[in-house]
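Novice: Using only what follows, build the 3D model:
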Amino acid sequence: MLKQESNKDYHSNSAVSKSMLAKMSVNPQYYKWCLDNPQPPTDDLIFGSAFHKLVLEPQDFDKEFAILPECNRRTKEGKALYDDFMAKCYENGQQAITQDDYNVICAMRDSVMSNKYAVALLKGEHEQSMYWVDNFTQIECKCRPDCYKALKGHIIITDLKSCRSADIKSIEKDVVQYAYDLQSFMYSQGVSENLKVPIENIDFMFIFVEKKAPYQINIVQANEYVRQRGENLFREYIGTLKYCRESGNYYGYMGAENLPNELSLPSYLLKDIGE
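Specialist: Numbers count the residues shown, from 1 in each chain. As a prediction, this is how the structure comes out:
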């Protein structure tokens, strides 16, 4: 099911998202704790959301974000100014960002918009929520692609990422650390289910943008190895979630049977002693 809805409504829906499912990489107990104890967004998440909004939906930026005025919170006047600003943000449903952060995301946006390939990739449908039921587990899933478009019989999904380094080696590490491989498959599956397009005809592109001058970008396409690992992780995590929901056993480090683990040595030490 394809929906035009706010980001807030999307996040309030109970269907399983990539960001939640990826928490299974720790263990089900951690997944369940995060589900039951939603945390306020970190500064990095607010920065990334502001960057996305400025690039993809600039007309709505002021509805969701407000720039913190210069104020010295150590003074009575500065603290009063800050408190009044934050109260207005809360009343208006806005998130606060600093002037310095706003300047950075503007520079990042300019870097993206100066690249003809990035501009072409980002011309399409933006921020549409997609819901579907996984065929194997009957668990409802969701995704919200930054952008997707039809091109020569294919659907191209494009995801915009802010990063410390857009060097290809750094990106490869980020793919594993932040489960971007899981995202590439899960979003492709969601688009396939909603648009009735074979998943083989869906390409997944990333635009990585550095958060420091000169705000370099790197455009990369998820290859078959990234997509296959993403599918493997999706099947592992969602299969585990099905078991946990049916059994009520959201187990931790000691496994589903709650048994003690064997303690050994790191692999590099085992090699040293001839194991």
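Novice: Strands of this protein, residue ranges please.
Specialist: Taking DSSP state E as the test, the strands found in the chain are 2-3, 65-67, 95-97, 125-126, 129-133, 140-143, 147-151, 154-163, 202-210, 217-221.
Novice: The ones you listed into JSON lines, with extra columns for mean neighbour count, distance to residue 27 and mean pLDDT?
Specialist: Quick note: C-beta positions are derived from backbone N, CA and C, even for glycine. Converted to JSON lines, those look like this (neighbours: other CB atoms under 10 Å; distance: least, CB to CB, whole Å; pLDDT from 0 to 100):
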{"stretch": "strand 2-3", "mean neighbour count": "14", "distance to residue 27": "32", "mean pLDDT": "74"}
{"stretch": "strand 65-67", "mean neighbour count": "18", "distance to residue 27": "35", "mean pLDDT": "91"}
{"stretch": "strand 95-97", "mean neighbour count": "18", "distance to residue 27": "31", "mean pLDDT": "90"}
{"stretch": "strand 125-126", "mean neighbour count": "15", "distance to residue 27": "35", "mean pLDDT": "90"}
{"stretch": "strand 129-133", "mean neighbour count": "19", "distance to residue 27": "25", "mean pLDDT": "95"}
{"stretch": "strand 140-143", "mean neighbour count": "20", "distance to residue 27": "20", "mean pLDDT": "96"}
{"stretch": "strand 147-151", "mean neighbour count": "17", "distance to residue 27": "33", "mean pLDDT": "93"}
{"stretch": "strand 154-163", "mean neighbour count": "20", "distance to residue 27": "26", "mean pLDDT": "95"}
{"stretch": "strand 202-210", "mean neighbour count": "22", "distance to residue 27": "28", "mean pLDDT": "97"}
{"stretch": "strand 217-221", "mean neighbour count": "17", "distance to residue 27": "30", "mean pLDDT": "97"}
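Novice: From residue 196, how far off is the residue nearest to residue 112 when sequence neighbours are not counted?
Specialist: Counting by CB to CB, 6 or more residues apart in numbering, residue 118 is the residue found nearest to residue 112 once chain neighbours are left out, at 4.9 Å. The spacing between residue 118 and residue 196, counted by CB to CB, to the nearest Å, is 28 Å.
Novice: quick one: residue 184 and residue 230, what's the gap?
Specialist: Taking CB to CB, one finds residue 184 at 5 Å from residue 230.
Novice: Likewise for residue 190?
Specialist: 12 Å.
Novice: ok, now residue 17?
Specialist: 14 Å.
Novice: Would you mind telling me which of the two has the busier surroundings?
Specialist: Using other CB atoms under 10 Å, the more surrounded residue of residue 17 and residue 230 is residue 230, with 25 against 18.
Novice: Look up how far residue 192 lies from the closest residue to the more buried one other than its chain neighbours.
Specialist: Excluding the flanking residues, the one nearest residue 230 by CB to CB, 6+ apart is residue 185, at 3.2 Å. With the distance defined as CB to CB, residue 185 ends up 10 Å from residue 192.
Novice: ok, residue 20 - contacts?
Specialist: 31, 34, 35 (CB atoms under 8 Å, 6 or more residues apart in numbering).
Novice: Please report how far it lies from residue 243.
Specialist: Counting by CB to CB, the gap from residue 20 to residue 243 is 16 Å.
Novice: again with residue 88
Specialist: In terms of CB to CB, residue 88 sits 47 Å off from residue 243.
Novice: With neighbour numbers in mind, choose between those two.
Specialist: Counted by other CB under 10 Å, residue 88 and residue 243 do not tie: residue 243 has more neighbours, with 16 against 12.
Novice: Tell me the pLDDT of that one.
Specialist: According to the prediction, residue 243 has pLDDT 97.
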